[in-house]
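J.: Provided below for reference: sequence and predicted model.
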Amino acid sequence: MENAEVVAMLGEIADLLELTNENPFKVRAYRRAAQVVDTLPVPISELVHKGELGSLPGVGDHTAERIAQFVESGTCDVLERLRGKVPPGVMELLRIESVGPKTAALVWKELGLTSVDALEEAALSGRLATLPRMGAKRAEAIVSAVARHRSRQGRVPLHRALPYAEDLVARLRAIPGVKQAIAAGSLRRHKETVGDLDLLVSSTDPERVVSAFPKLPGVTTLLAQGPTKSTVRLSVGLQVDLRVLPPESFGAALHYFTGSKAHNIALRTRALHRGLKVSEYGVFDAKGRRIAGEREEDVFRAVGLPWIPPELREGLGELEAAAAGRLPTLIEEEDLRGDLHVHSEASADASSSLLELASAARGFGRSYLAITDHSRSRPLGLDEARLREHLDTIRWMDRELRGRPHLLAGIEVDILPDGSLDLGAEVLSELDCVVASVHSRFNMSSEEMTERMVRALRSGLVHVLGHPSGRLIGSRDPYPYDLERVLEVAREEGVALEVNAQPERLDLTDSACQRAKEAGVKLVISSDSHNAQHLDDLRHGVWVARRGWLEAGDVLNTLSLSELRRHFRRSRRVSPSTWTGEGPGLAP
DNA sequence: GCCGTTTTCGGCCCGACTGTTTTCAGTCG
């Protein structure tokens, strides 16, 4: 049973309740529970078995019972009963933009429509326009929304959306009268994917901005427009919302449009308890006087809180932590002193020379760089003989560079299907930095994969477990494995887990980082560069780490080189002097 | 259905825009 299935079940119940006109707060309760389960880094079945579901925020007795029943039996009574009331095709109508529960229920009950195709046909034939509060324009909007629904691609990875956001913000800043422009939303929270762009502008002349916006390059469709708001679609398919507010409201608007929704609701509820009202225009007291709004930190202060970094604003306990003075001092990109996973042209899929990597790393301010090329099981990977030659080259280059930056001799060694390492213990024990990763046989059971990883961690030769879940955002799911078990063994063995900063990987995820920290496991943030340009990707890893509540002290590559070496020496049990020559990279 | 700096019952964030309406319901974020 995957957490995603539970999330889908809770979401389906929420949809069905909406379609049957249930209490909207009950609907919200299910949606909130779905969101909480969605951000859970551990299998929900574990919580079920330990009877700990109730400890999740937003999950009460009823929902816990539904989840438990669903996990045990694959379905639950409430879901089945609701499904019996609503034809399945009606559910899909909710996925059409501008069609909500009221419209879907209306067309189902009045016209008997139970599929997207039937809805489209009714809109085209004019039947739809005969319904109350329906007309020609609604029908037209629904026809085009159906077309978009059929060609829809889901959320966009952050790194793909960023350039569009930066370009639009720069163009907005150039419009006369604009004081400030910024991209808010999940992009500012550095979520790994974004659904749309939320741009925010403060200006003394809002109409000028709103009218100029749809004419900007890259904009193809104007979806909605009012005096302070405009929604457009870009040629690449991204939807962009623009809001223009007066400067005295900019901080409140920035807070509001940064979200998340759950965070906003929590903050506004807190404000209500203090007799205050929070909107995008400011914080207002009982008499309607604005007491904050120009700066974001003033909004927080008005409700008795310190400023909370955007990455933490997911409605998952940040307000409570802030109120208790327990907010973490989040790691910053500047805290990173080195990069512990970098491929040179000695890897078949990489292209930069040692010198190119070193120069680029120097440019990014890194003081050390571990060269970690692939081991022999990868195509053209290094066997022991070639690795030794390569090490000589790295050490020679390191001397030439005189610490600008330091080069560490490393390897990204494959974890073979049986959990042994792809190179012998003797050569591995000579290296400064051993990253061990799974690159093959992703289709093992969770038990087998966990055992495979545990055996590698137990070898006494590994410093870092590379891209632990193996996922590729949007193209490959993580392989199943028991994160809690891996964390337990990693802590015992002193092995760090990697936050792989490749924008398509971001592996570990934010919530898994948080679990690792709670489990007492150290992390490293590595670029996994296959080209000198990619060394800059480290910032994506820092964003993930920040979303995982990590501080500089949780991340090993914030250490100086000498501190790092000391740490690695402590964590490794097999050193060249103690190696006895038994077996290739196996635990004793 | 959840939850407690008024509450174990009675609340539950707030506003913009559209289309179809002469005042507002529905959707969205």
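T.: It's in.

J.: Once you drop chain neighbours, what's closest to the residue nearest in space to the middle of chain A?
T.: Centroid-nearest residue in chain A, with C-alpha atoms, centre = their mean: residue A:192, separated by 3.3 Å. Spatial nearest neighbour of residue A:192, chain neighbours left out: residue A:506 (5.1 Å); criterion: C-beta to C-beta, 6 or more residues apart in numbering. Every C-beta, even on glycine, is put in place using the N, C-alpha and C of the backbone.

J.: Number of residues surrounding the residue of the stretch 151-300 of chain A found nearest DNA strand B?
T.: Closest residue of the stretch 151-300 of chain A to DNA strand B, C-beta to the nearest atom of the strand: residue A:226 (2.2 Å). For residue A:226, the tally of surrounding residues (other C-beta atoms under 10 Å) stands at 11.

J.: and it, what pLDDT?
T.: At residue A:226, the model reports a pLDDT of 91.

J.: what does residue A:149 give?
T.: pLDDT, read off for residue A:149, is 86.

J.: what does the one 5 residues further on give?
T.: What the model reports for residue A:154 is a pLDDT of 74.

J.: and what of residue A:588?
T.: So residue A:588 comes in at 34 (pLDDT).

J.: same check, this time on residue A:221
T.: 88.

J.: Quote the end-to-end distance of stretch A:425-437.
T.: End-to-end distance for stretch A:425-437, by C-alpha to C-alpha, to the nearest Å: 16 Å.

J.: Centre of the chain to that stretch, how far?
T.: 30 Å (C-alpha atoms, centre = their mean, to the nearest Å).

J.: Check which residues of stretch A:178-192 are buried.
T.: A:178, A:180-192 (16 or more other C-beta atoms under 10 Å).

J.: hang on, the earlier thing: and the gap between the residue nearest to the centre of chain A and residue A:161?
T.: 11 Å (C-beta to C-beta, to the nearest Å).

J.: Up against DNA strand B, what does the stretch 451-588 of chain A have?
T.: By C-beta under 7 Å from any atom of the strand, no part of the stretch 451-588 of chain A sits against DNA strand B.

J.: I misspoke; the intended subject was the stretch 301-450 of chain A.
T.: Going by C-beta under 7 Å from any atom of the strand, the residues of the stretch 301-450 of chain A near DNA strand B are residue A:323.

J.: so where's the stretch 301-450 of chain A shaky on pLDDT?
T.: Scanning the stretch 301-450 of chain A for pLDDT under 70 picks out no residues.

J.: ok, now which ones touch the closest residue to DNA strand B within it?
T.: Using C-beta to the nearest atom of the strand, the closest approach of the stretch 301-450 of chain A to DNA strand B is made by residue A:323 at 6.3 Å. Residues counted as contacts of residue A:323 (C-beta atoms under 8 Å, 6 or more residues apart in numbering) are A:304-305.

J.: can you check residue A:85 too?
T.: A:16, A:20.

J.: For it, give me phi and psi.
T.: The phi/psi pair for residue A:85 (degrees, to the nearest 10) reads phi -90, psi -30.

J.: Can you give me the domain boundaries for chain A?
T.: A:3-150, A:156-245, A:250-323, A:333-571 (automatic domain parsing).

J.: show me the contacts for whichever residue of the stretch 351-500 of chain A sits closest to DNA strand B.
T.: Residue of the stretch 351-500 of chain A nearest DNA strand B, by C-beta to the nearest atom of the strand: residue A:474 (19.9 Å). Going by C-beta under 8 Å, 6+ apart, residue A:474 touches A:154, A:157, A:193, A:504.

J.: In a markdown table: those residues, plus neighbour count.
T.: Below are the contacts of residue A:474 laid out as a markdown table (neighbours: other C-beta atoms under 10 Å):
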| residue | neighbour count |
| --- | --- |
| A:154 | 7 |
| A:157 | 16 |
| A:193 | 17 |
| A:504 | 17 |
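
J.: okay, these in JSON lines with distance to residue A:364 and secondary structure next?
T.: Output for the contacts of residue A:474, formatted as JSON lines (distance: C-beta to C-beta, whole Å; DSSP: H, G, I helix; E, B strand; the rest coil):
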{"residue": "A:154", "distance to residue A:364": "32", "secondary structure": "coil"}
{"residue": "A:157", "distance to residue A:364": "22", "secondary structure": "strand"}
{"residue": "A:193", "distance to residue A:364": "25", "secondary structure": "strand"}
{"residue": "A:504", "distance to residue A:364": "20", "secondary structure": "coil"}
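
J.: where's the dip in pLDDT among these?
T.: residue A:154 (74).

J.: any idea how far residue A:415 is from it?
T.: For residue A:154 relative to residue A:415 (C-beta to C-beta), the value is 31 Å.

J.: Buried ones in stretch A:28-44, by neighbour count?
T.: A:29-37, A:39-41, A:43-44.

J.: now do stretch A:221-238
T.: In stretch A:221-238, counting by 16+ other C-beta under 10 Å, buried: A:223, A:228, A:230-234, A:238.

J.: again, but for stretch A:140-157
T.: Applying 16+ other C-beta under 10 Å to stretch A:140-157 flags A:141-142, A:145-146, A:149, A:156-157 as buried.

J.: of the buried residues of stretch A:221-238, list those near DNA strand B.
T.: residue A:228.

J.: could I get the buried residues of stretch A:221-238 as TSV with secondary structure and distance to residue A:61?
T.: As requested, the buried residues of stretch A:221-238 are exported to TSV (DSSP: H, G, I helix; E, B strand; the rest coil; distance: C-beta to C-beta, whole Å):
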residue	secondary structure	distance to residue A:61
A:223	strand	42
A:228	coil	44
A:230	strand	45
A:231	strand	41
A:232	strand	45
A:233	strand	44
A:234	strand	46
A:238	coil	41
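
J.: Pick the one among the buried residues of stretch A:221-238 closest to residue A:271.
T.: When the buried residues of stretch A:221-238 are compared for distance to residue A:271 (C-beta to C-beta), residue A:228 wins out at 22.5 Å.

J.: so residue A:449 makes contact with residue A:480?
T.: Yes: if you go by C-beta atoms under 8 Å, residue A:449 and residue A:480 touch, sitting 6.3 Å apart.

J.: Between the two, tell me which one has more neighbours.
T.: The neighbour count for residue A:449 versus residue A:480, taken as other C-beta under 10 Å, is higher for residue A:449 (24 against 17).

J.: and the helix or strand containing the more buried one, which residues are buried?
T.: In this structure, residue A:449 is located in helix A:446-457 according to DSSP states H and E. Neighbour-count burial for helix A:446-457 flags A:448-457 (criterion: 16+ other C-beta under 10 Å).

J.: Pull out whichever of the buried residues of stretch A:178-192 are also neighbours of DNA strand B.
T.: residue A:185.

J.: and the buried residues of stretch A:178-192, which of them are in strands?
T.: Residues of the buried residues of stretch A:178-192 located in strands (DSSP state E): A:178, A:180-183.

J.: what about the strands in the stretch 151-300 of chain A?
T.: Shown for the stretch 151-300 of chain A, the strands assigned by DSSP state E, counting those that start in this stretch span residues A:156-157, A:178-183, A:193-194, A:197-203, A:219-225, A:229-234, A:239-245, A:277-279, A:282-284, A:290-292.

J.: mind giving me CSV with the ones you listed and columns for distance to residue A:443?
T.: Putting those into CSV (distance: least, C-beta to C-beta, whole Å) gives the following:
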stretch, distance to residue A:443
strand A:156-157, 25
strand A:178-183, 39
strand A:193-194, 25
strand A:197-203, 37
strand A:219-225, 41
strand A:229-234, 38
strand A:239-245, 36
strand A:277-279, 49
strand A:282-284, 53
strand A:290-292, 54
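
J.: Please report the distance of the nearest residue to residue A:225 once chain neighbours are set aside from residue A:231.
T.: Of all residues not flanking residue A:225 in the chain, residue A:210 sits nearest, at 6.5 Å (C-beta to C-beta, 6+ apart). Applying C-beta to C-beta, the value for residue A:210 to residue A:231 is 11 Å.

J.: Right, I'll leave it there.
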